[in-house]
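Chemist: Just need the structure, nothing else, for what follows:
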Amino acid sequence: MTDLFNLSDEELVRDFVSGNQKCFDVLIDRHKQKVFSYIFLMVRREELAEDIFQDAFLKVHFNIMRGKYAESGRFASWVMRIAHNLIIDHFRRQKHFPMVYNEDHAKDIFNHTQFSDASIEEQLVHDEILKDVANLVELLPDNQKEVVKMRHYMGLSFKEIADETNVSINTALGRMRYALINLRKMMEDKNLVLTEI
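Modeler: Sure, this is the predicted structure:
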C-alpha cells in the first residue's frame, strides 16, 4: 500500500478525485499550519481564523470535485489564494480591514535597524510605529495594498506575487514602488517618523 504522506500534492489531488478520501485529509494536514497561520495573522481572532480556514478547505474540496483545480505544481499557492480571497470577502462585509503587524526584518520602511536588541521602551515605540504603518497600509489602493501584504506579511517573492495576481513581475514591482511612495507621503502628511521620540 502506498504511503500517502510520500505522495506529492498533485498525486494526492489525483487520487482524491479517484475516490480516496484520505488523500484530502493528508493535503489538509500538510498545509494547515501555513494556511491557518496566514489567516490568523490577517484577522487576529482565533475563532474567526478557524471559520475562514474551514471555509477555505471546503472551497478547495468543492473546486477539486468540480474539476476546477488546474494549477499543476502550485497546490499550496492555490489554497493560499482561496484563503486570501475569503479574508478579503470577510472584511469587505465588515466594512473595514484588519490591522496587521510586520515581523520581517528587511531594511525598509516597515522596520528600522535601531530596533534590534531593543529595550522594553524601545520595543513599545517600535510596536506603535508598526501599528501606524499597518493603518496606513490599509489606506492604500487595493492593488498596492495586496502587493505590500503578500510581500511583507506572507513573505512571497515578486515572482510569486506576479503569479498569484496574474500580472507581470514589472507590474508587481511597480505597485510596490507606488505603495512605498504613497506610504512615505502619508507619513509626511501625518508627521509620522520611524524613530524614537
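
Chemist: Enumerate every residue touching Lys32.
Modeler: Phe53 (C-beta atoms under 8 Å, 6 or more residues apart in numbering). Heads up, the C-betas are built off the backbone N, CA and C, glycines and all.

Chemist: For Glu50, see how far away it is.
Modeler: Note on Lys32: its distance to Glu50, by C-beta to C-beta, to the nearest Å, is 11 Å.

Chemist: Find the centremost residue of the protein, please.
Modeler: Residue closest to the mean C-alpha point of the chain, counted by C-alpha atoms, centre = their mean, is Met154 at 4.1 Å.

Chemist: so what's it up against?
Modeler: 38, 80.

Chemist: pLDDT below threshold where in this protein?
Modeler: Within the chain, the ranges that satisfy pLDDT under 70 run 1-2, 95-127, 129, 192-197.

Chemist: Which parts of it are helices?
Modeler: 9-17, 22-43, 46-65, 75-94, 120-137, 142-152, 158-165, 169-189 (DSSP state H).

Chemist: Cys23: how many residues sit nearby?
Modeler: Look at Cys23: counted by other C-beta atoms under 10 Å, it has 20 neighbours.

Chemist: Give me the nearest residue to it, chain neighbours excluded.
Modeler: Phe16 (3.9 Å; C-beta to C-beta, 6 or more residues apart in numbering).

Chemist: do you know how far that neighbour is from Glu10?
Modeler: Using C-beta to C-beta, one gets 11 Å for the distance from Phe16 to Glu10.
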